[in-house]
Structure formats: structure tokens, C-alpha cells
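S.K.: Sequence below, structure please.
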Amino acid sequence: MDLEKSPAPAGEGCLVVAIRLPVRIVVLVLVVPVRMAWDASVVAGRLLNDTVLRPLGRALLWVGRAVFVWPFVGLWRYVLVPLGKGLAWLGNVLVVLPALAFHRFVLIPLGHALAWVYARVLTPVGQVLAAFVTGVGAGLAWLGRYLVVVPSVWVYRWVLTPVGHAIAWCGKGVLWCGKGFVWLVTMIVTGIGMALYWITRILLVLPALAVWHWVLVPVGRVLAVVAREAGTALGHAWRVAGHLSLAVGRFLGSVFRWVFVEPVRWVYRSVLTPVGHVVRDLVLRPVAEAARAVGRAGRQTLAAARASARQARADFRRMLLGPPAGEAVPAPVPAPSAEPVAEPRKPQLAHRREPTGPETRTLGSSTTALTKD
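M.R.: This is a model prediction of the structure:
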């Protein structure tokens, strides 16, 4: 902000210029702290972002991946996928293949067997039943014909037709004779109605009522009594069988307990446990101690044999080549025995192939590396 006094532009008075400068100063005084606070906050924010928030975010991101993503990825990759493959394999082995085998070796033969049964058994039975139903229908049709149709035709032919003719003749007579024949026609119609009523009652209603009262009702009552008694007997038999089964089970349990369980328990407590203790104290523990002693003796023997073998190899090598110059002969390792071991002879330093004394090498002297003492 330029605080220096600038020349007033054209058209502005001195008052405007005089007011502008204090206003700018006041605004500057008010805005500077705010801007400084803003810049400080920006710098602090950037510093906080660069030094704290971004590393903290990366650390939190890594922790989030380590805590949430990687375990689930590992769980998915190394647990769920193999488990899913294993479950798929198990499902294939335990469900699909048995289902296919069951379909192939059970359902298909069963279907063929059912088809054979249908073709060889059910179809003839159905044909027989159809023939039976046809015969029953024919019988019922014959009964209906001779119990209903033939009597109706007979009534129509030998009763209603003459009556109708008589009625027609009477009607003609009525027409001819007038009102004198009305009573006669009424009586004739009433008689015909009564005749039809009694014919229908005798031929249909009374036989049906007789069959209902004397056949169906007694048979139904007998069947109801039989069914009720059968159900009651079945319930009693079921309860009695339950009591008998409970008693037999308790008896067999008691017999098994007193014949097998109690003797075995008594033998275990009174015989096997003391015998086991005696065997443990008198046989197993001494055998274990003896085995441990034999093991120790064997280990000591093997150690002594290894030491003797090492000593023999060293002696043989020393007998062939002699000890190196300046090297003392190692003392032999004593064998582990109860007898006292003699003190080893002190080693004598000598050259590998030449005698130590001033004597010369001769054929009769034993100064060679193979024959020296």
C-alpha cells in the first residue's frame, strides 16, 4: 500500500486527499495484524502438514493397512481362498459326487424299477380296476334302467298315456259339455298326481330309505365302533409297550451292571491296581534302573573303545613316522577299569629318521624309525 502522498488527480479536491490518507492508515493498522495472523497460520499449517500431519497420515495409513487391510488380505489369500477351495473340494467330494453317484446308481435304477412296476403291475391292476368299475357302472346302469327307467316307461305308456288320452277326451268333452265336466277333470288330475306321487315314493323313496336305514346306518355304526375300538386298543398297546420296554431296559441295565461293570470295577480296584503297583515297584522300576545302568556302561565302554582306537591310531602313526620334532608324545588315555593304571613313560624327543646319539647307523643296531624302542 502506497502511503506516500501522491498528487491529486484532476477533479478531486483537497478534502478528498486529506481524508484518504488517514483512512488508509487506519485500514493498514487494522489489516496488518489480520494478514500477519493469516500468513502465520498458513506457514504453521504448512509446517504442521509437512512435519506432523503428512507423516502422521502416512503412519496412520500404514497402521490402517497393517491393522485392517493386510490381515484381511492375508486372511483372504491364505485362509479364505484355501478354505474355499477346500470346501469346494469337500463339497464336490461329499455332495456333488455322492449326488451324481446316487442319481446314477440309485435313482435311475429305481426309476427303471418303478417304470417296470408301473408297466407290469400298476397297469394290469388299473385295467382290472377299470374293468371292475366298468362292471359296477354297468350293473348300476342296469339297476337304474330296470328300477327307474323301465317302470317310468311302463307308467308313461300304460298309465300316463291312457290318462293323457282320457284327459284329452275329457277336455274335449269339457269343451263340448261346458262347466259340468270341470269337477270331473279336477278329480282326474288329482288322481293322476296321487298316482304319480305313490309310484315315485314306492319305486324310489322307499327303497332308498330302506337301504339307508337297514344297510348304510348299521354298517356305518359297526365301522365306527370297529375304528374306535381299534384306536383305543392301539393307544393301550402303545402305553403298555412303553412300560414293558422301560422295564426290560432297566432289567438289562441292571444285569449288565451286576454281571459286567461291577466285576470289572472290583477286579480293577482289588486285583489290577495292587498288581500294577507291585509290578511297577518290583519289576518296572528295577528294569528301568538296570536299563539306565546298562546304558551308562555301554556309553562308558564306547567311550573307552573310541579312546583306545584313537590311542592305537596315534601309536601306529608314531611307530611308522615317529613323533614330530618338538612335540611331546601324548599320554595314553586310561581305560575305565577298577585296576590301577601304571604311570606312563616319559616321551623322548628324537628326530624322525636319525638317532639322537653320536653313534652311527649300523645293520646290527636298532636305531631306525621302525625298530627303535
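
S.K.: which ones are touching Leu204?
M.R.: Val148 (CB atoms under 8 Å, 6 or more residues apart in numbering). Bear in mind the C-beta positions are built from the backbone N, C-alpha and C, glycine included.

S.K.: Now it: phi and psi?
M.R.: The phi/psi pair for Leu204 (degrees, to the nearest 10) reads phi -120, psi -60.

S.K.: Against Pro207, how distant is Val93?
M.R.: Counting by CB to CB, to the nearest Å, the gap from Val93 to Pro207 is 72 Å.

S.K.: Same question for Trp183.
M.R.: 36 Å.

S.K.: between the two, which one's more packed in?
M.R.: Neighbours per residue, other CB atoms under 10 Å: of Trp183 and Pro207, the larger number sits with Pro207, 12 against 9.

S.K.: Neighbours of the closest residue to that one other than its chain neighbours, how many?
M.R.: The shortest distance from Pro207 to any non-neighbouring residue, by CB to CB, 6 or more residues apart in numbering, is to Leu147 (7.5 Å). Leu147 has 14 neighbours, counted by other CB under 10 Å.

S.K.: Please look at Leu147 and Leu203 and confirm they touch.
M.R.: Yes - using CB atoms under 8 Å as the test, Leu147 is close enough to Leu203 to be in contact (6.9 Å).

S.K.: Following the chain onward from the strand or helix carrying Ala59, which element is next?
M.R.: Element membership of Ala59, judged by DSSP states H and E, is helix 54-64. For helix 54-64, the following helix or strand on the C-terminal side (DSSP H and E) is helix 70-75.

S.K.: Following the chain onward from that following helix, which element is next?
M.R.: helix 81-91.

S.K.: Give me the neighbour count for Gln311.
M.R.: Around Gln311 there are 16 residues (other CB under 10 Å).

S.K.: in the helix or strand containing it, what's buried?
M.R.: Counting by DSSP H and E, the element that carries Gln311 is helix 285-321. Residues of helix 285-321 classed as buried by neighbour count (16 or more other CB atoms under 10 Å): Gln311, Arg318.

S.K.: Need the mean per-residue confidence for it.
M.R.: Mean pLDDT, helix 285-321: 86.

S.K.: cool, and stretch 191-198?
M.R.: Here the average pLDDT along stretch 191-198 is 86.

S.K.: contacting residues around it?
M.R.: With CB under 8 Å, 6+ apart as the test, stretch 191-198 has contacts from Val155, Val159, Leu160, Val163, Ile167.

S.K.: Now do the SS call for the second one.
M.R.: Following DSSP: H, G, I helix; E, B strand; the rest coil, Val159 is assigned to helix.

S.K.: Excluding chain neighbours, give the residue nearest to it in space.
M.R.: Closest to Val159 by CB to CB, 6+ apart is Ala195, at 6.7 Å.

S.K.: From Arg201, how far out is the one you found?
M.R.: Distance from Ala195 to Arg201, by CB to CB: 11 Å.

S.K.: Tell me where the model's unsure across this structure.
M.R.: 1-29, 32, 170-171, 173-182, 225-228, 230-249, 323-373 (pLDDT under 70).
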